[in-house]
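> Build me a model from this:
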Amino acid sequence: MTYIPEVIMVDILSRLPVKSLLRFRCVCKAWCTLISHPQFVETHLRQQHKRPVIGLVVPHSVDDPLHKDDLAVDLELHLGIPNKRTTTVLDSCNGLLCVVDCYYGFYSLKPPQKLILWNPSTRQCNHIPCPSFVGYQNCMYSFFYDPGSDDYKIVRIFTFLGKDKTGIDIFTLKTNKWRRVEETHSSVIGYWSATYFNGNLHWLAFRYGGYGEDERSSMVAFSLREEKFQEMELPSQRAVFGLRVLGGCLCVDGLYANDKWVMEEYGIKESWKSLIAFPYRVGDGSSWKLPRVLRFLENGVLLVLHDGKLVLCDSKNNTWKIITSYCSSAPYEREVGLYIQTLVSPYGSGDRLTGNQ
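Residues are numbered from 1 along each chain as shown. Predicted coordinates:
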C-alpha cells in the first residue's frame, strides 16, 4: 500500500465537501481522529472561505430543484420548530446559523422561546439559553464571531419601554451566559437587523426631534472591546433599513427609492456609494415586499431574495433570473438563510475555530 504523508492527506481532505468528510470518518479510526480534530476543522474552514460551497436554508414548502441538488436544507425538519411562519434566521457565521422561533422584528415585545446555534452541514445544533425578560418597545438580535475574544456571540439590542434609550445584552459561547452592558445610548433602534464589522456592532437608529423638528436617522456603532457607542452618518436621511455586510463593506437599503448604498471607506460619510436601484417588480412578480441581497457573486451578479423567490440579478445588464420559489411570510425574507458548508461545531470549547465569514 502506498504511503501518503499526513500533510498531503490533510491538504487533499480539507478541499472536500462536508458530506464526503462525514462519510470518510468511518473509513478508519485514524481518519476519524484527523477529520474531527479542531486543527483540521480550521484548515477546512480556511479552504471554504477561499472557494465556498454555499448552502441555503429555506422554509418547508420550497420548489423541487434545490432539494434535488441537495443544496437546500429544511429548517423545521431538522430543528423541530413547529411554527415555520415565525421562524427567523438571525445570521450566519463560519457555517453556523443562529435561529429563533419567533419573528423578532421592530415591534417584537417578548424574548424567543427557542434560540439555536445550528450547523446545517453536520446537523449539529446547540440550544442556547434565552435572555431574561426586560421591558422594551422593540429589539433586535445579532450573531457573529468576535476575533478579539476568540468567541461566538449573540447580542440583543433593545429600546427600553417608554424611553428613548437603547441597551445591550451579550451572550458568549465560552461562558454560555448572558450579561447586561452598563452603558446605554440615547436613541431608538429600528429596522430588523444589526451587523458585526471591523470590531464593532452596527445598527440603524433614530432620535425623535423636539417640537417642530424632524426625527434624525443615524447608524450606531458599538465597540465590543471598549463597550462604547458612536454614531455614523448615513448616505441619506430618507428611510433606510437592512444594514449588513456585502463584499467587505457595510451596506444599507433605501426604503422608498429601493436602492442600495455601500460604505467603501469605513467611517467616512463621503465614501457612501450607490450600488444598485431595484425595481419593485423583480423577475415575473410584483409585491410590497422588499428585495434582500444575500451575496455578491462573480462579474457583478447578486443573489437576491424577493417575494418568495431566489433570484440572480445581473447588476450591469439589469437582468433577472429566478432560481426557485418558496412560501415567504416575513416582510424582509428573514426565514431564509445562506451559509458556507463547514465542520464548525455550534458547541464551542475545543471545537470552536478562528476566522469569520
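> Roughly how far does the residue lying closest to residue 218 once chain neighbours are set aside sit from residue 265?
Once flanking residues are discounted, residue 218 sits nearest to residue 231: 4.6 Å by CB to CB, 6 or more residues apart in numbering. For the C-beta atoms, the positions are set from N, CA and C on the backbone; glycine is no exception. Relative to residue 265, residue 231 is positioned 17 Å away (criterion: CB to CB, to the nearest Å).
> These two: who's more crowded?
A direct count of neighbours by other CB atoms under 10 Å for residue 231 and residue 265 places residue 231 higher, at 14 against 11.
> who does the more buried one bridge with?
residue 220 (DSSP bridges).
> And stretch 226-244, what's buried?
Across stretch 226-244, burial judged by 16 or more other CB atoms under 10 Å covers 229, 232, 234, 235, 236, 240, 241, 242, 243, 244.
> who's in contact with the second one?
Applying CB atoms under 8 Å, 6 or more residues apart in numbering to residue 232 gives the contacts 202, 218, 219, 220, 221, 267, 269.
> How about the contacts made by residue 13?
By CB under 8 Å, 6+ apart, the contact list for residue 13 reads 21, 24, 34, 35, 40, 44.
> a helix runs through the fourth one, doesn't it?
Spelled out, that is residue 35. Yes - the assignment for residue 35 by DSSP: H, G, I helix; E, B strand; the rest coil puts it in a helix.
> isn't it right next to residue 343, touching?
Yes - counting by CB atoms under 8 Å, residue 35 touches residue 343, with 7.4 Å between them.
> Parallel or antiparallel, list what pairs with the helix or strand hosting residue 143.
Assigned by DSSP states H and E, residue 143 belongs to strand 136-146. Sheet pairing here is set by DSSP bridges, and for strand 136-146 it gives strand 151-160 (antiparallel).
> Run the chain-centre distance for the next helix or strand after the strand it pairs with.
The helix or strand immediately downstream of strand 151-160 is strand 166-172, counting by DSSP H and E. Relative to its parent chain, strand 166-172 has a centroid offset of 17 Å by CA atoms, centre = their mean, to the nearest Å.
> just checking, what packs against strand 166-172?
Counting contacts by 3 or more CB pairs under 8 Å, 6 or more residues apart in numbering; DSSP states H and E, strand 166-172 is packed against strand 151-160, strand 177-180.
> List the contacts of the most centrally placed residue in the chain.
The residue lying closest to the centre of the chain (CA atoms, centre = their mean) is residue 91, at 2.2 Å. Taking CB under 8 Å, 6+ apart, we find residue 91 in contact with 97, 98, 142, 143, 144, 193, 337.
> Great, nothing more from me.
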